[in-house]
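Asks: Turn this into a structure:
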Amino acid sequence: MNLPLPVVSLQNDVTQLLVSHREGDDGASGQLFALVYDELRAMAHRQLRFRKPGETINTTGLVHEAYLKLFSRSDTTWNDRVHFFAVTAKAMRQILVDYARASRAQKRGGDAHRTELVSGVLYEDARSLDLLDLEEALVRLGELNPRLAQIVEMRFYGGMSVEEIATALELSSRTVDRDWFKAKSFLYLALKGDAA
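Replies: This is a model prediction of the structure:
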């Protein structure tokens, strides 16, 4: 009978495997992938709530594409478990945006890719929005305030808690809460067409 590892042990194992990978251990990436696979699938599943019916990418495909994207580059390093998951969330987001762009290009500007955000995540009233419009708004936010954009990536795409983000960015939880509110407000206005 396999018992789940304690959370602290799992976090330490992930961090140790990241260190081993950084030091050139070829087997560390495979061990890391096996160790975090379930968490990566959960992250991918959260991000695929944007998926339009009939799209070809699925949870497993997104996890594997993100893994290949991250581990095919020799210059990729991570500081710790939180940093690894933040970078992975961003990679998944980029993959989905690439898919959406390809889909839009294929349709030559036809029906926009419509997505539905879960109530309480970004919109309180669960409005439908376009994934590429969200990406454009997030890029604009990043140009104005990179930290706010990073918090959106970590919270919305990565599913990280306020406390995890605070730890990763070396901020207080209160600051992350304030920044999350500012970022949501900016994105709401940008997606309505009212942001500067």
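
Asks: How about residue 183, nearest residue that isn't a chain neighbour?
Replies: Sequence neighbours aside, residue 148 is the residue nearest to residue 183 in space, at 4.2 Å (criterion: C-beta to C-beta, 6 or more residues apart in numbering). To be clear about C-beta, it is placed using only N, CA and C from the backbone, and glycine gets the same treatment.

Asks: In which helix or strand does the one you found reside?
Replies: Using DSSP states H and E, residue 148 maps to helix 146-152.

Asks: The helix or strand that comes right after that helix packs against which elements?
Replies: Note on helix 146-152: by DSSP H and E, the next helix or strand toward the C-terminus is helix 162-169. Applying 3 or more C-beta pairs under 8 Å, 6 or more residues apart in numbering; DSSP states H and E, we find helix 162-169 packed against helix 81-106, helix 146-152, helix 173-192.

Asks: which strands and helices sit next to the longest one?
Replies: Helices and strands touching helix 81-106, by 3+ C-beta pairs under 8 Å, 6+ apart, are helix 7-22, helix 28-47, helix 59-71, helix 131-144, helix 162-169.

Asks: what's the closest of those helices to residue 103?
Replies: Ranking those by proximity to residue 103 (C-beta to C-beta) places helix 131-144 first, at 9.4 Å.
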